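Chemist: Predicted model and sequence follow; I will ask about them next.
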Amino acid sequence: MEPDRVLTRYADRILHLHEVPARDAVVEPWPEWVDPRVRTAFAAQGVTHLWAHQAEALAHVHAGRHVVVSTGTASGKSLTYQVPALDALVRGRAGDAIRGHRAPTALYLAPTKALAADQLRRLPRDEDGAPLVRATTVDGDSSLDERSWARDHAQLVLTNPDTVHHTLLPGHERWARLFAGLRIVVVDECHHYRGVFGAHVAHVLRRLLRVCAHHGSQPVVVLSSATVSEPEASARRLTGLDVVAVTDDASPHGPRTIALWEPPLVGAAHPSQPPSRRSAGREAADVLTDLVLDRTRTLVFSRSRRGAESIARGAQERLGEVAPELPARVATYRGGYLPEERRALEDRLRSGDLLGLAATNALELGVDVSGLDAVVSVGFPGTRAAFWQQVGRAGRDGQPSLGVLVARDEPIDTFLVHHPDAWLGAPVEATVFDPDNPYVLGPHLAAAAQELPLTEADLALFGPRAREGVDALEAAGWLRRRTAGWFWSTPAMARASRAGAVYVHQGQVHVVDEYDVEEGVAVVHAEDPGWSTSARSTTEVSIVSTRRTRRWGATTVHLGEVDVTSQVVSFSRRRHDGSLVGEEPLDLPSRTLRTVATWWTLPPDVVERVLERTDVPGAAHAAEHAAIGLLPLFATCDRWDLGGLSTAVHADTGTLTIFVHDGHPGGAGFAERGYEVVERWLRVTRATIDDCECRDGCPSCVVSPKCGNFNEPLDKAGAVRLLDALLDGAPDA
Ligand SMILES: [Zn+2]
Ligand SMILES: [Zn+2]
């Protein structure tokens, strides 16, 4: 591969080139305890020795320790749970399980159905190609027959947390064979369990372990994670167990070049709008064109399906002008393909017939694409872990590879391309969620009580707020206290209490046809009407309680509960160039969200020293926007998961206050993570605003797409002075 031509041609856009040196493998022999049948099956797949991190993980599992393996893409994480699971099951199947013990079983959990199905397909087989163990998937699509076969016969059940919550746990008596024999529980791709979804899964796992104990089993939990900060802490929080982490990746790869790319500033679409940058998608189409011309096998990741399609189309048009045979060798990969169609595309890519493929980030899960030379990420994919997973797909047999991050027009991307040292070296974000969220905990305590009465001892399992939760359920008449514990008292309400899964819908333009305030239901249809709407809202934040406080210099940083009351007062329509079509007042009721926030205050005399009184609201507002845009660098969240409010004088504090709060009832752990890393977070926010080459603010720094106040007022220069004052005296962290 010769990326030099492309890198030279676009030198003005490339802010930084980062070289990751090649890494040699560190190998270890197979441990003696592994059953020869299992070793033979892996040998048939070409696995004759282990990488050191795999051997380390196997040793932990064999010793009965719960373990999280947090290493890179293609580092053989699945082996670390397949080997101990198959070992236990193969012995059990042959009847050599110790007499008097139940036949061993194993449970595998993936974040999606597709990934569980993929895992089943890739299980090692014996010399005759027959399955080593009786394994099957169970999910929402399984028929009654399939479920009953799984209950009666399966040694290994592959499923997802939602099915555990809705099917396996409520019916645990019928699944007693599975639960009683459980030796290993696998939680694959556990970094996906974040935010409110992560809190739900944490309680599903606690309920699962409680039901196992009831049936007499104590499984070892093996988790796999992408490379994130503090995998051990996240895994402990997710399972409630003591977990050891394996993080030293000993798998080999060739040298890798990472290019950080910033599209040029192109002025405003309309005079009333701030300047913006050339779209990351157009830039990606250009670089894809050049890489394909050089016969470099390239995969482009885009946030939306539409984005992926237009990148592929752009490259095809440009290629058609210079090399008529090449457009056919560029394609789009999207969801909704039949399995055979997907396999055909994968094969074409592997063989080199396909030279360019544009995909959505959804390709991340459950699809095996290898044999690439270059990966282009259009916009930061949300987490550093996801970025490394994407660029980790490039690199054939120790060959050099190229990874490109094309920055989108928003603060986090700006920061990343301007500050490579802050993130290319060390992990930054941690997988964040808060199992103590009472809105999540309550329904799971109710579900747990339906499964088995809750005892005093169980409360410790569900965390420090469990007592409060049980008392509330008892007061509401859902639970009844007996000497043996708390019993579920309202069978008819059982279904109502089952918390649903969390779904996020993004990337598609919808028009709202009806909105029913009472029901909270909107009827929408997908269309692009040529204009977009934004809502003007008023928001008030009141402090309910303060949990923690830190001070340095004149600055005080708080973490606590707040009530966020907001009311949409009007909406405006704007054409795509940003010009206003019109604004209509609305009469909607206000809504209050009780959630967790972090807030920063500065005393009036300090504020007066650095800012004119009239500049204070704009400076605080701009700092708030940029801070919200950058918290995803530290917590696995999206700016849409957060909200904020800044005010020159807040009623509860009597001084300048900037709030950043979780957007979910009860909090999701993001504001808490922000509180913990506040010095670094504020420094990154200041640097991003200061580095941006725009004059008065743009989407790369302080202009927010989700502002309820139409980005008024904003004072970019004032925000830097204010952040300097907030950071004055801050400890180095
Ligand atoms: Zn800017
Ligand atoms: Zn705003």
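Modeler: Perfect, I can see it now. Residues are numbered from 1 along each chain as shown. Ligands and ions are numbered 1, 2, ... in the order given.
Chemist: contacts, neighbours, all on C-alpha from now
Modeler: Will do.
Chemist: Quick check: buried residues in stretch 593-609?
Modeler: 593-603, 607 (16 or more other C-alpha atoms under 10 Å).
Chemist: Check stretch 556-573 too.
Modeler: Applying a neighbour-count criterion of 16+ other C-alpha under 10 Å, one finds 556-564, 566-573 buried in stretch 556-573.
Chemist: Enumerate the residues of the stretch 551-700 of the chain near ligand 1.
Modeler: 692, 694, 697-698, 700 (C-alpha under 5 Å from the ion).
Chemist: Helix or strand with the lowest mean pLDDT in the protein?
Modeler: The helix or strand of the chain with the poorest confidence is helix 494-497; it has a mean of 35 (mean pLDDT, DSSP states H and E).
Chemist: For the protein, list the residues in contact with ligand 1, please.
Modeler: Residues of the chain lying close to ligand 1 (C-alpha under 5 Å from the ion) are 692, 694, 697-698, 700-701.
Chemist: Apply 8 Å and report the result again.
Modeler: Near ligand 1, the residues belonging to the chain are 689, 692-703 when assessed by C-alpha under 8 Å from the ion.
Chemist: Can you tell me which of those residues has the largest number of neighbours?
Modeler: Cys701 (33 neighbours; other C-alpha atoms under 10 Å).
Chemist: quick revisit: quick one: which of the buried residues of stretch 593-609 is nearest to His191?
Modeler: Distances from His191 to those, taken as C-alpha to C-alpha, are shortest for Val596 (22.1 Å).
Chemist: pretty sure the closest one is touching Gly667, no?
Modeler: Yes. Between Val596 and Gly667 there is a contact under C-alpha atoms under 8 Å: 4.9 Å.
Chemist: Overlap in contacts, these two.
Modeler: Here Val596 and Gly667 share the contacting residues His661, scored by C-alpha atoms under 8 Å, 6 or more residues apart in numbering.
Chemist: Dig out what the nearest residue to Asn709 once chain neighbours are set aside forms beta bridges with.
Modeler: Excluding the flanking residues, the one nearest Asn709 by C-alpha to C-alpha, 6 or more residues apart in numbering is Arg536, at 5.5 Å. In this entry, Arg536 is beta-bridged to Ser570, by DSSP bridges.
Chemist: And for the one 4 residues further on?
Modeler: Residues in a beta bridge with Glu540, per DSSP bridges, are Thr565.
Chemist: where does it sit relative to Gly644, distance-wise?
Modeler: 10 Å (C-alpha to C-alpha, to the nearest Å).
Chemist: more crowded one of those two?
Modeler: Counted by other C-alpha under 10 Å, Glu540 and Gly644 do not tie: Gly644 has more neighbours, with 23 against 16.
Chemist: List phi and psi for the residue nearest the centre of the chain.
Modeler: When C-alpha atoms, centre = their mean is applied to the chain, the residue found nearest the centroid is His192 (4.9 Å). Main-chain dihedrals, His192, degrees, to the nearest 10: phi -70, psi -20.
Chemist: With Thr112 as the reference, measure out to it.
Modeler: Relative to Thr112, and taking C-alpha to C-alpha, His192 is found at 10 Å.
Chemist: how's the chain carved up into domains?
Modeler: 4-21+253-422, 47-62+80-138+176-181+209-222+237-251, 497-529, 536-727 (automatic domain parsing).
Chemist: hey, least reliable of these by pLDDT?
Modeler: Ranked by mean pLDDT, the domains of the chain bottom out at domain 497-529, which scores a mean of 42.
Chemist: could you pull out the helices for the stretch 351-500 of the chain?
Modeler: Applying DSSP state H, counting those that start in this stretch to the stretch 351-500 of the chain gives helices spanning 384-391, 411-418, 420-423, 438-451, 456-461, 466-475, 494-497.
Chemist: returning to that earlier point: so what's the residue nearest to the centre of the chain closest to, chain neighbours aside?
Modeler: Using C-alpha to C-alpha, 6+ apart, the closest residue to His192 is Pro111 (6.9 Å).
Chemist: pretty sure that neighbour contacts His191?
Modeler: No. Counting by C-alpha under 8 Å, Pro111 sits too far from His191 to count as a contact (9.5 Å).
Chemist: Look at these two and report which has more neighbours.
Modeler: Just comparing Pro111 and His191: by other C-alpha under 10 Å the higher neighbour count belongs to His191, 26 against 20.
Chemist: Quick one: residues contacting the more buried one.
Modeler: Residues in contact with His191 (C-alpha under 8 Å, 6+ apart) are 225-226, 228, 431.
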